[in-house]
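> Structural data only, the sequence is not supplied:
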């Protein structure tokens, strides 16, 4: 442990804001570690010694050891908010982290935004593991997602401006982040629309896992930087049916959620997939998720393009509706109003 002690003393811990696409190490909030109890997983800090381009991950607490209070205090002094665990230890980490989240959400000395960041990080961790599982094991993990929805809904209900909260949490890219961002937007929008709690939570859960069918798409296609071939696009377009099939046996998954996953790429003009449905044939939840899904995709960076500003994304969506009638006009109008706070649209 002398190496980590040296790092803490010389302030060479990296601020953990860099994106870690497909990294062996996954971030967890420092604030969720109990410095008075043994941890069931190893904890690492990210450092970059002078002259090194790539960061190094140094072990600071082995499994079964107590995270030193003085190290946690030192990291907080250095404004370090996240530490790291190895990807293969996510399964051991989840019960511990979920329990810590549940306890921390009741803390009165913690702000709503800080609590949101904790749940955001754990949500990303869970989704990344979910998308790495074999199909036979996916449905058994859905109860964890429902717990996360309960925590996120509580945070959304406490927030004066859930749209700003959601966009303020935008930290990561990729399939897991897309699901989590869509979930947060969906929960906030459902609250804005005045939906009942059970329906708002069900929509949030649906948005969280709506792209679970993408686990059937080969990584060679998902990670491809060049334009997809027609055959590869066809593979991508199978993911709504695959998601429907995966969630069919998932516990607590409502019929509305299954239909929404199946229809979330249907366009109201009949140009979508997989069934080319028109407006009145599409479930209302799927019409909402189509809007949320499109907006999230536009305001998030991709390998081939930069992220659009929220205002630009909404203008693009409005133009697509005026030209092609892609979206439900009533929900799109409400969504624009939901995001219409001056800070969001840059007014």
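The structure has been received and is ready for your questions. Remember, predicted model here, so these are calculated numbers, not experimental data.
> Tally up the residues packed near the closest residue to residue 133 other than its chain neighbours, please.
Excluding the flanking residues, the one nearest residue 133 by CB to CB, 6 or more residues apart in numbering is residue 141, at 6.7 Å. All C-beta atoms are positioned from the backbone trio N, CA, C, and that covers glycine. Number of residues near residue 141 (other CB atoms under 10 Å) recorded here: 17.
> Mind pulling up the pLDDT for residue 141?
At residue 141, the model reports a pLDDT of 84.
> A strand includes it, no?
No: using DSSP: H, G, I helix; E, B strand; the rest coil, the assignment for residue 141 is helix, not a strand.
> please renumber so the chain begins at 54
Let's use 54 as the start, then, which means that last one is residue 194.
> got the contact list for it?
179, 182-183, 186 (CB atoms under 8 Å, 6 or more residues apart in numbering).
> Next, please give the residue ranges for the helices of the stretch 104-253 of the chain.
122-130, 143-157, 165-183, 188-191, 195-211, 215-221, 228-246, 250-262 (DSSP state H, counting those that start in this stretch).
> Looking at those helices, spot the one closest to residue 274.
helix 228-246 (12.2 Å; CB to CB).
> quick revisit: I'd like to know which of the helices of the stretch 104-253 of the chain is closest to residue 330.
Using CB to CB, the helices of the stretch 104-253 of the chain put helix 250-262 closest to residue 330, at 17.2 Å.
> For the helix or strand following the closest one, name the packing helices and strands.
Per DSSP states H and E, the first helix or strand lying C-terminal to helix 250-262 is helix 272-275. Secondary-structure packing of helix 272-275 (3 or more CB pairs under 8 Å, 6 or more residues apart in numbering; DSSP states H and E): helix 283-289.
> Counting neighbours, which bits of the helix it packs on end up buried?
Within helix 283-289, the residues that count as buried by 16 or more other CB atoms under 10 Å are 285, 288.
> likewise stretch 290-297?
So, applying 16+ other CB under 10 Å, buried residues of stretch 290-297: 292-297.
> Show me what it is in contact with.
262-270, 311, 314-318, 326-327.
> go again using 10 Å as the cut-off
188, 191, 259, 262-270, 288, 299, 310-319, 325-328, 339 (CB atoms under 10 Å, 6 or more residues apart in numbering).
> thinking again about what came up before, widest-spaced pair of the contacts of residue 194?
So, the contacts of residue 194 by CB to CB: farthest apart are 179 and 186, at 10.9 Å.
> Who has more neighbours out of those two?
residue 179 (23 against 15).
> surely the more buried one meets residue 204?
No: the criterion here is CB atoms under 10 Å, and residue 179 misses it with residue 204 at 11.4 Å.
> residues shared between the contacts of these two?
residue 151.
> where in the chain is pLDDT low?
Scanning the chain for pLDDT under 70 picks out 54-75, 88, 102-105, 224, 357, 394-400.
> which one among the buried residues of stretch 290-297 gets closest to residue 275?
Once CB to CB is applied, the member of those that ends up nearest residue 275 is residue 292, at 10.3 Å.
> Look up how far residue 203 lies from that closest one.
Using CB to CB, to the nearest Å, residue 292 is found at 27 Å from residue 203.
> how does the chain divide into domains?
For the chain, automatic domain parsing gives the domain ranges 54-140, 158-398.
> most packed of the ones you listed?
domain 158-398 (a mean of 18; mean count of other CB atoms under 10 Å).
> So which elements touch the host helix or strand of residue 364?
In this assignment (DSSP H and E), residue 364 forms part of helix 363-377. Packing partners of helix 363-377 (3 or more CB pairs under 10 Å, 6 or more residues apart in numbering; DSSP states H and E): helix 337-352, helix 382-391, helix 395-398.
> Would you pull up how far it lies from the middle of the chain?
Distance of helix 363-377 from its chain centroid, counting by CA atoms, centre = their mean, to the nearest Å, is 24 Å.
> what's the angle between that helix and helix 382-391?
170 degrees (axes from the mean of the first three to the mean of the last three CA atoms, to 10 degrees).
> what comes into contact with helix 363-377?
Contacts for helix 363-377 (CB under 10 Å, 6+ apart): 216, 220, 320-322, 324, 344, 347-353, 360-362, 379-382, 385-386, 388-389, 392-393, 396-400.
> Find the residue at the geometric middle of the chain.
In the chain, the centroid-proximal residue (CA atoms, centre = their mean) is residue 233; its distance is 2.4 Å.
> related to what we said a few turns ago, dump the helices of the stretch 104-253 of the chain to JSON lines, plus distance to residue 101.
Output for the helices of the stretch 104-253 of the chain, formatted as JSON lines (distance: least, CB to CB, whole Å):
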{"stretch": "helix 122-130", "distance to residue 101": "16"}
{"stretch": "helix 143-157", "distance to residue 101": "24"}
{"stretch": "helix 165-183", "distance to residue 101": "21"}
{"stretch": "helix 188-191", "distance to residue 101": "36"}
{"stretch": "helix 195-211", "distance to residue 101": "32"}
{"stretch": "helix 215-221", "distance to residue 101": "26"}
{"stretch": "helix 228-246", "distance to residue 101": "24"}
{"stretch": "helix 250-262", "distance to residue 101": "33"}
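> All good on my end, thank you.
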